[in-house]
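**Q** got a predicted structure plus its sequence, pasted below:
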Amino acid sequence: MFFSRYGKLKKVLVLISLVCLFVVYQYGRSLWHPVVIKFTGKKTVAEVIKKLELTVSQELSSLFLSKAISFPPKNLSLIAFKDTKELEVWASNEDKIFKFITRYNVKAASGILGPKLVEGDKQVPEGIYKIEGFNPNSAYHLSMKLNYPNAFDLQHAINEGRTSPGTNIFIHGRSASIGCLAMGDTVIENLFYLVHTTGLSNTRVIISPTNPSLSELSIPNGSPIWVAELYKDIVNEYSMVTKNITSH
């Protein structure tokens, strides 16, 4: 009897240990990944782009050619919808007539519908953003940093006395995230290369609670009054990109 109970207890402890290891691996990357980098060495953006040139360049070139858009495109819009966890890629040539290129699934994005307000609320922000830079040594494979909080976010945070609206919002790889858009490793490689070759100044990111072409953006209960203005801006920006909408 003793050995039988001991055996069951041992199995439970092993299972608990495996679960703990998975949680640390999945969500504790900021703790252990810097240690790994110390041993493996840091990569540069140029090194990553050179490697991706061999693996994703031809695929992306063919995809854009099939949509009659040059590669790299002159202008690029990444449009994310929080409710369906999707990210659409739109691009244009010199004529600035955007065409739908492709759609990716967002592997993970925490929070609910509504804008990000404070550090630690686990919300994916909503708004119109730029990409500030690239991290080739991200704990989440590769990442691109958004300029959250932007001027709009900061102004309303100041008006409401919110001193910590949050920061460090990324589009990155893997399949776990708190406040960011986790795209999986294969997709982030495509996006990393695409944005880099297009240029930061030519790339915009729209994060919307839902797809404005499918349903009206509804203001969540209890939202600040300025969310109405934010959603109007999102719809206007989305309309500017998709006004010459082609078949999805």
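**A** Right, received. Where do you want to start?
**Q** contacts, neighbours, all on C-alpha from now
**A** Will do.
**Q** for Tyr231, which non-adjacent residue is closest in space?
**A** Using CA to CA, 6 or more residues apart in numbering and skipping residues adjacent in sequence, the residue nearest Tyr231 is Leu217, 6.6 Å away.
**Q** ugh, typo on my part, it should be Pro212
**A** Nearest non-adjacent residue to Pro212, counting by CA to CA, 6+ apart: Val235, 6.3 Å away.
**Q** quick check: which element contains the residue nearest to Tyr231?
**A** Of the helices and strands defined by DSSP states H and E, none includes Leu217.
**Q** which residues touch it?
**A** Counting by CA atoms under 8 Å, 6 or more residues apart in numbering, Leu217 touches Pro209, Thr210, Asn211, Tyr231.
**Q** now, those that are in strands?
**A** For these, not one is inside strands, with DSSP state E as the criterion.
**Q** looking at the residues you listed, which two lie furthest apart in space?
**A** Farthest pair in those (CA to CA) is Asn211 and Tyr231. Separation: 11.4 Å.
**Q** re earlier: do you know how far the residue nearest to Pro212 is from Leu113?
**A** Using CA to CA, to the nearest Å, we find Val235 at a distance of 15 Å from Leu113.
**Q** then Glu86?
**A** 14 Å.
**Q** picking that back up, is it true that the residue nearest to Pro212 lies in a helix?
**A** Yes. Checked against DSSP: H, G, I helix; E, B strand; the rest coil, Val235 lies within a helix.
**Q** any idea how the protein splits into domains?
**A** If you go by automatic domain parsing, the domain ranges for the chain are 1-41, 43-242.
**Q** end to end, how far does the last one reach?
**A** Right, the one you point to is domain 43-242. Terminal residues of domain 43-242 lie 37 Å apart, using CA to CA.
**Q** can you give me how far the helix or strand hosting Phe192 is from the chain middle?
**A** Per DSSP H and E: Phe192 is located in helix 185-198. What separates the centre of helix 185-198 from the centre of its chain is 12 Å, taken as CA atoms, centre = their mean, to the nearest Å.
**Q** ok, and for that helix, which residues are buried?
**A** Going by neighbour count (16 or more other CA atoms under 10 Å), the buried part of helix 185-198 is 185, 187-198.
**Q** other SSEs contacting it?
**A** Counting contacts by 3 or more CA pairs under 8 Å, 6 or more residues apart in numbering; DSSP states H and E, helix 185-198 is packed against helix 45-55, helix 57-66, strand 75-81, strand 143-146, strand 170-172.
**Q** for Val227, find the nearest of these.
**A** Nearest to Val227 among these is strand 75-81; the distance by CA to CA comes to 16.4 Å.
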